[in-house]
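**Q** Coordinates only, no sequence provided:
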């Protein structure tokens, strides 16, 4: 049994922590939201009134937090209290620069560390089928891997510190772009009078085939069950897609790489959120595109 401190028990963090607890590990939980601590306690976790208290005696520390600024703030709080030999796994989705700074802080404290953001959403967190994209040393990866395998179905060591975040934002930038393309195709098909099922049958088996069509089709009633079949209630919220697209734009700016499609996708998701998209799944942008007059987007 490993003692694991889990900091950040939101929609993703709590089910991840539950999977670690159900695998027989001792989970020491902390969150700033009292209701989250109550849920953790109900699942049999020991809860703490501060993050530094939670990490004392922990063999591993997992953080799942909203942004890079908060991650660095929490690292500055917990690292002095962490025991030597512990591995720190940050599964937040944050900017690459902050991820690298977090690694520096952990290294100065004498601790192994990984940036290990995830893909798979709340459903994947609950099912333990997340994909982890890990950045850090080989030693840190090997120590963390048994825990990551409890929470995820696919674990990829992407390289040195910051590589996990780099992989995540590149993947999600492409996802945002491809979803807009899928939505445009189905919106145009509808205006041309093409039956959605016929459009799906062609696209999903032809050169337009992609995850945004085959697995997560933005049109209700065709393809596998998706948020489109539930009034676009989020599996992956549009707000989170915009966050990831903006992280990609920030990274592209820092290294001087042109990403015109990523930039335009960021603009479209920002418009979507300002015009009824708040609280909806990112695939719900199809409704915004359908209502946008050509030339006025």
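**A** Alright, I've got the coordinates. Keep in mind that this is a model prediction, so the values were computed, not measured. Numbering: from 1, shown residues only.
**Q** looking at this protein, which helix or strand is least sure?
**A** helix 121-127 (a mean of 90; mean pLDDT, DSSP states H and E).
**Q** pretty sure residue 134 is in a helix, no?
**A** No. Counting by DSSP: H, G, I helix; E, B strand; the rest coil, residue 134 falls outside a helix, being strand.
**Q** pLDDT wise, what is it at?
**A** Predicted confidence (pLDDT) for residue 134: 98.
**Q** I figured it hits residue 148, correct?
**A** Yes. Residue 134 sits in contact with residue 148 when judged by C-beta atoms under 8 Å, with a separation of 7.0 Å. Yep, even glycine has a C-beta here, placed from its N, CA and C like the rest.
**Q** Name the residues contacting each of those two.
**A** 116, 155 (C-beta atoms under 8 Å, 6 or more residues apart in numbering).
**Q** what packs against the helix or strand in which residue 41 is found?
**A** Per DSSP states H and E: residue 41 is located in helix 34-42. Counting contacts by 3 or more C-beta pairs under 8 Å, 6 or more residues apart in numbering; DSSP states H and E, helix 34-42 is packed against helix 13-22, strand 26-30, strand 46-47.
**Q** Compute the inter-axis angle for the longest one and strand 26-30.
**A** Spelled out, it's helix 13-22. For helix 13-22 against strand 26-30, the angle between stretch directions is 160 degrees (axes from the mean of the first three to the mean of the last three C-alpha atoms, to 10 degrees).
**Q** buried ones in helix 13-22?
**A** 13-21 (16 or more other C-beta atoms under 10 Å).
**Q** between these, which is nearest residue 163?
**A** residue 16 (20.7 Å; C-beta to C-beta).
**Q** hang on, isn't the closest one packed against residue 151?
**A** Yes. In this structure, residue 16 is within contact of residue 151 by C-beta under 8 Å, at 4.9 Å.
**Q** Spit out the residues that contact those two alike.
**A** What both residue 16 and residue 151 touch, as defined by C-beta under 8 Å, 6+ apart, is the set 125, 130.
**Q** what's the spacing between the closest residue to residue 110 other than its chain neighbours and residue 112?
**A** Nearest non-adjacent residue to residue 110, counting by C-beta to C-beta, 6 or more residues apart in numbering: residue 84, 5.7 Å away. Taking C-beta to C-beta, to the nearest Å as the measure, residue 84 falls 10 Å from residue 112.
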